[in-house]
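>>> predicted model and sequence below, questions to follow.
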Amino acid sequence: QGWRGESRGSPQQLAERYADLAASHSEALRQREEREWHNARLRQENARLRLENRRLRRENRCLFRQALLGPGPDKPPADPGEEAEALRAQLGRLQEKHRRALRHLRRCRAAGGPEASGAEDGELDELLLEEDEQP
């Protein structure tokens, strides 16, 4: 008594059902091809980004080595006064960034934001106390 032995419906209804199934199948195939094409494009982009990442890592290592080793033998050594002044300026900029970040975290904490919650609360408390103690 199941659907297998009976053709419930008229030939027109069966034809419509068959057409619906064929359309669904075609759509599923189209979507599959689209996904495969999109995945292939993402794989190519991923490979390109990996190469770019490697290049940037090499460049970073090279720049870091240069910074550690200082100027080469063909370059005259930098004036210690100029270097000290540049480092002082950089330190000032970093300290200002640090103060702004702490103010932002303090505002987030006061507002109950997620940035200031969690396991870092103790560390944040220490930083805020250090900032309050500094002139």
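Perfect, I can see it now.

>>> tell me the SS of Q31?
Of the three states, Q31 takes helix according to DSSP: H, G, I helix; E, B strand; the rest coil.

>>> of all residues in the protein, which one is nearest the centre?
Within the chain, the residue whose C-alpha comes closest to the C-alpha centroid is L49; the distance, by CA atoms, centre = their mean, is 12.8 Å.

>>> can you tell me the helix or strand for that residue?
Secondary-structure assignment from DSSP states H and E places L49 in helix 11-69.

>>> any idea of the mean pLDDT in whichever helix or strand comes after that helix?
The element immediately downstream of helix 11-69 (helix or strand, assigned by DSSP H and E) is helix 80-111. Predicted confidence along helix 80-111 averages 87 (mean pLDDT).

>>> what helices and strands are in contact with helix 80-111?
Secondary structure elements in contact with helix 80-111, counted by 3 or more CB pairs under 8 Å, 6 or more residues apart in numbering; DSSP states H and E, are helix 121-133. In short, each C-beta sits where N, CA and C put it, glycine included.

>>> what's the separation between the residue nearest to the centre of the chain and A22?
Taking CB to CB, to the nearest Å as the criterion, L49 is separated from A22 by 41 Å.
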